[in-house]
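Q: Coordinates for the following, if possible.
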Amino acid sequence: MTLAEITAELETGSIQQDPQLRVTIPEGRNIEEIASLYEEHAGIAKADFIEKMQDKAYIKELISLYPNILTEDILHEDIIYPLEGYLFPATYESIKKNQLLIRQLQKCSIKRMM
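A: Sure thing, here's the model as predicted:
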């Protein structure tokens, strides 16, 4: 792209994509209820979401990304869903399915810092 093309795109906003997904997570929902909402509104299979919530490698990756809210304590063998209580209730809009969970953790992280 030339500088003129980049400038034109920035001025018109044509590079911004409208969110394709919109999911509202009400307060007080547990992981299984959130999984149902993701399935209904974002096309993410409930079983896949639940599996991801129990994936220790994925959870460890999230712990390294969000050390201010997530610790190794959530990996205790008695905890079924390590992220239970960390997925902030709100309405999330995204272009990609895999961004929804990250946005919930980001919002939780921001709220904890306030």
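Q: quick one, what contacts the spatially closest residue to residue 59 that is not a sequence neighbour?
A: Spatial nearest neighbour of residue 59, chain neighbours left out: residue 82 (4.9 Å); criterion: C-beta to C-beta, 6 or more residues apart in numbering. To be clear about C-beta, it is placed using only N, CA and C from the backbone, and glycine gets the same treatment. When contacts are counted by C-beta atoms under 8 Å, 6 or more residues apart in numbering, residue 82 touches 53, 54, 59, 74, 75.
Q: Next, format those residues as TSV and append distance to residue 4 and secondary structure.
A: Converted to TSV, the contacts of residue 82 look like this (distance: C-beta to C-beta, whole Å; DSSP: H, G, I helix; E, B strand; the rest coil):
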residue	distance to residue 4	secondary structure
53	47	helix
54	51	coil
59	46	helix
74	50	helix
75	52	helix
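Q: quick one, helices of the chain?
A: 3-12, 31-42, 46-53, 56-65, 99-113 (DSSP state H).
Q: possible to save those helices as JSON lines with mean neighbour count?
A: Below are the helices of the chain laid out as JSON lines (neighbours: other C-beta atoms under 10 Å):
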{"stretch": "helix 3-12", "mean neighbour count": "10"}
{"stretch": "helix 31-42", "mean neighbour count": "17"}
{"stretch": "helix 46-53", "mean neighbour count": "15"}
{"stretch": "helix 56-65", "mean neighbour count": "13"}
{"stretch": "helix 99-113", "mean neighbour count": "16"}
